[in-house]
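**Q** Build me a model from this:
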Amino acid sequence: MNYISNVVSLHPYFSPHPGKLEVVKNLMPLFVARTQTEASNLFYEFTLHGDQVFCREGYVGADGALAHLANVGDLLEQLLQNASLNRLEIHGPQAELEKLQAAFDGMNPIWFYSFVSVKR
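**A** Have a look, this model is predicted:
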């Protein structure tokens, strides 16, 4: 396995508004289709637990995460009209996370700075 030292991962948790789960589910393939075009995306998937929606996503550096946010911004607006963002975790090296603070500040993220990791 190759080690990429500046990986940033985003972990948003959403709750669809009452009666909006199908609308939210229909947005997921649109997010995936757009994200597939991003060179800095490492992984991207939606998972469901009942009516809770989780998106597991990773990028090469803050620049990759910012490019993704720009790429799916209109879809994110649609999602947030139909669901609440319950929690947003952002994980990665401190220097990379500092580059993201302004872009994600209004979403009240929980910042997790890398401490120790396997390197191969």
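**Q** Secondary structure class of residue 9, three-state.
**A** Recorded secondary structure, residue 9: strand (DSSP: H, G, I helix; E, B strand; the rest coil).
**Q** which residues touch it?
**A** Applying Cβ atoms under 8 Å, 6 or more residues apart in numbering to residue 9 gives the contacts 56-59, 90-92. Yep, even glycine has a C-beta here, placed from its N, CA and C like the rest.
**Q** how much space between the closest residue to residue 86 other than its chain neighbours and residue 53?
**A** Nearest residue to residue 86, sequence neighbours excluded (Cβ to Cβ, 6 or more residues apart in numbering): residue 13, at 4.7 Å. Taking Cβ to Cβ, to the nearest Å as the measure, residue 13 and residue 53 are separated by 7 Å.
**Q** the more surrounded of the two?
**A** residue 53 (22 against 16; other Cβ atoms under 10 Å).
**Q** I'd like the distance between that one and residue 67.
**A** 22 Å.
**Q** Quick check, the residue nearest to residue 86 in contact with residue 107.
**A** No. Taking contacts as Cβ atoms under 8 Å, residue 13 lies outside contact range of residue 107: 11.6 Å.
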